[in-house]
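Undergrad: need a structure here:
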Amino acid sequence: MKPTRRMRELLAADGILVSPGVYDGYSVRVVEKMGFKTACTTGAGLANSRLGVPDIGIMGLTDNLDACRVIARSVDIPVMADADTGYGNAVAVYHTVQRFEEIGIAGINIEDQISPKRCGHMEGKDVIDMREMARKIEAACEARKDDDFVILARTDALAVEGLDGAIRRARLYAKAGADLIFADAIAGEDQIKALVDAVPVPVSVNMGFGIRSRPTTPLIPIKRLEALGVKRITLPRMLPAAALMAMENALTLLRQSMETGEVIDRPDLLVGIDDIWSLMGQPAIRAMEMRFGDLDGVETEDDAPRAAGGMS
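TA: Numbers count the residues shown, from 1 in each chain. Coordinates of the predicted model:
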């Protein structure tokens, strides 16, 4: 089944859809291994891990496509991608949608920030005219060759126009054809419920696990979000934050080992090489090597029976 069709089925099914944020082959394979039905790329995670820069609009379309191509082809579950502002005007968005569709992504987020954009939890955000964003969404819907390709409209208007402004935008974006609505940095249950009740399409909410300081959106239990009518929850910061903490812990032990001269073996902090091979599909590759490396099963002309009456 195509990832776009599977994504549509998941959105149409009962219950809330939990989509962890991924940024490379390791993270997306772990998400699939742990039984999650879908994943999403984290724009901040990609900008941070691939380019070593903050999420302030430096990562371009080609950088994003290169990363998402590898992520999408690494797993069987559908993956949605963060396409930032769509990399330009409505015509650029048209192009952007087709490029993401070509690499096997199930859908994309497009946000209404001015360019260069900023991470949703940063200060200093501003938004474009809502009518311009509506045109971008119309272009995105027209561009897709597969009607199942999901268009998520993200608004960052809460920070500059308040809840009423964000709801006006969300309703317009849904009218323009958006399949999902996401209001970034939404302040809590009351605002989430107001948004869910106001728009005619499913609502996605971002939970900021991995933010040590108080997150813009307070942490709300997943079952409570489901009760509020939220269809999809994304967790873009959880896996990058967990990976960074694990790397710091491992390197701290390495520093201790260098200072003491002793070997510090902490298998509880590290997965084994066999675990990594399994995650990456090495057993299947080895089976292929064995099968295609068996030359005895290949019949050549020298092995064919000689015709009757032929010279001996």
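Undergrad: are we agreed that Pro20 is in a strand?
TA: Yes - Pro20: assigned to a strand according to DSSP: H, G, I helix; E, B strand; the rest coil.
Undergrad: quick one: the helices in the stretch 201-312 of the chain?
TA: Ranges of helices in the stretch 201-312 of the chain, per DSSP state H, counting those that start in this stretch, are 222-227, 238-260, 273-279, 282-292.
Undergrad: in the shortest one, what's buried?
TA: So that's helix 222-227. Across helix 222-227, burial judged by 16 or more other CB atoms under 10 Å covers Leu225, Glu226. Heads up, the C-betas are built off the backbone N, CA and C, glycines and all.
Undergrad: can we start the residue count at 25 from this point?
TA: Noted, 25 is the first residue going forward, which turns the last one into helix 246-251.
Undergrad: mind exporting that helix as PDB, just the C-alpha atoms?
TA: Once non-C-alpha atoms are left out, helix 246-251 reads as follows in PDB (Å, rounded to 0.1, in the frame of the first residue of the first chain):
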ATOM      1  CA  ILE A 246      -2.200  11.800  25.100                       C
ATOM      2  CA  LYS A 247      -5.500  10.400  26.300                       C
ATOM      3  CA  ARG A 248      -6.600  13.800  27.400                       C
ATOM      4  CA  LEU A 249      -5.700  15.300  24.000                       C
ATOM      5  CA  GLU A 250      -7.800  12.500  22.400                       C
ATOM      6  CA  ALA A 251     -10.700  13.400  24.600                       C
END
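Undergrad: and that helix, average pLDDT?
TA: Taken as a whole, helix 246-251 has a mean pLDDT of 97.
Undergrad: contact partners of that helix?
TA: The contact list for helix 246-251, computed with CB atoms under 8 Å, 6 or more residues apart in numbering, reads Gly39, Ile40, Val42, Glu213, Ile216, Val229, Met231, Ile257.
Undergrad: about what we covered before: can I get the helices of the stretch 225-336 of the chain in CSV with distance to Gly59?
TA: Formatted as CSV, these follow (distance: least, CB to CB, whole Å):
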stretch, distance to Gly59
helix 246-251, 15
helix 262-284, 15
helix 297-303, 14
helix 306-316, 19
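Undergrad: of those helices, which is nearest Ala198?
TA: helix 246-251 (19.5 Å; CB to CB).
Undergrad: show me where pLDDT drops low in the stretch 125-274 of the chain?
TA: 142-148, 233-239 (pLDDT under 70).
Undergrad: if you set the cut-off to 50 instead, what comes out?
TA: Along the stretch 125-274 of the chain, the model assigns pLDDT under 50 to no residue.
Undergrad: about what we covered before: pick out the most distant pair among the contacts of helix 246-251.
TA: Among the contacts of helix 246-251, Gly39 and Glu213 lie farthest apart (CB to CB), at 18.9 Å.
Undergrad: which one of the two is surrounded by more residues?
TA: Glu213 (14 against 8; other CB atoms under 10 Å).
Undergrad: distance check, that one against Leu252.
TA: Going from Glu213 to Leu252 by CB to CB, to the nearest Å gives 6 Å.
Undergrad: now do Met58
TA: 25 Å.
Undergrad: how's this structure carved up into domains?
TA: 27-260, 269-318 (automatic domain parsing).
Undergrad: thinking again about what came up before, which of Met58 and Leu252 has more residues huddled nearby?
TA: Leu252 (18 against 8).
Undergrad: pretty sure that one is touching Asp214, no?
TA: No - Leu252 lies out of contact with Asp214 (CB atoms under 8 Å); the separation is 9.6 Å.
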